[in-house]
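task: produce atomic coordinates for the following.
(one chain, ligands or ions: 1)
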Amino acid sequence: MSSEESTKTFTREEVAKHNNGQALWLIIHNKVYDVSKFMEEHPGGEEVLLEMAGKEATEAFEDVGHSTDARSMMQNYYIGDIVQSEVNEMDYKVHFFPPNAQETNKGGSNFSTIVIVLIVAVVAYTLLSRSS
Ligand code: HEM
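I've put the predicted structure just below:
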């Protein structure tokens, strides 16, 4: 029943076998897309897809700055995920780290605010105690 159970997984080697005009698979963000039927309709042309056929195409895909339309279109060609042991962790970090980074940053700026307030308090105290 759950979507996780029905999600297929592929090794990078399996994906690599689909690297031609008949069967063209791509790996984008650790997900596998079968664009065999989409190739001819691709606004960017079939050559660029053929170049990345059977391979990791995340960088090439992101470099183009595909629209949100293109991103929702991708879902029609999604056939499964890369097996957990071959997931590109860097990719995961690039896309999931920023929210955490923001939180850390927030914490960081709170901390520096406290430090600044403490320094000002110490300076003020020193000045006040000298003048009396
Ligand atoms: C399932 C995968 C893909 C889908 C659904 C897709 C879809 C699209 C769409 C809808 C456009 C029109 C512009 C836009 O809406 O952003 C486009 C343009 C383009 N795509 Fe893709 N694309 C895919 C994969 C790729 C990959 C892997 C590459 C690179 C190897 C690529 C290279 C390009 C290029 C060069 C353009 C032309 C950009 C321009 O003329 O400004 N695409 N793609």
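
could you list the contact residues of this structure toward the ligand?
26, 33, 35, 42-44, 48-49, 52, 57, 60-61, 64, 66-67, 69-70, 73-74, 77 (CB under 6 Å from any ligand atom). Placement of C-beta: from N, CA and C, glycine included.

pLDDT averaged over whichever helix or strand Tyr125 is part of - what is it?
Assigned by DSSP states H and E, Tyr125 falls within helix 89-131. Averaged over helix 89-131, pLDDT sits at 73.

same check, this time on stretch 14-22
Taken as a whole, stretch 14-22 has a mean pLDDT of 96.

next one: that stretch to chain centre, how far?
Offset of stretch 14-22 from its chain centre (CA atoms, centre = their mean, to the nearest Å): 23 Å.

can you mark which positions in it are buried?
The neighbour-count check on stretch 14-22 (16 or more other CB atoms under 10 Å) flags Val15, His18, Asn19 as buried.

quick check: the second one touching Met52?
In this case it means His18. No. Contact criterion CB atoms under 8 Å: His18 and Met52 do not qualify, at 11.5 Å.

tell me, how many residues neighbour Cys58?
One correction, residue 58 is Thr, not Cys. Residues near Thr58, counting by other CB atoms under 10 Å, number 20.
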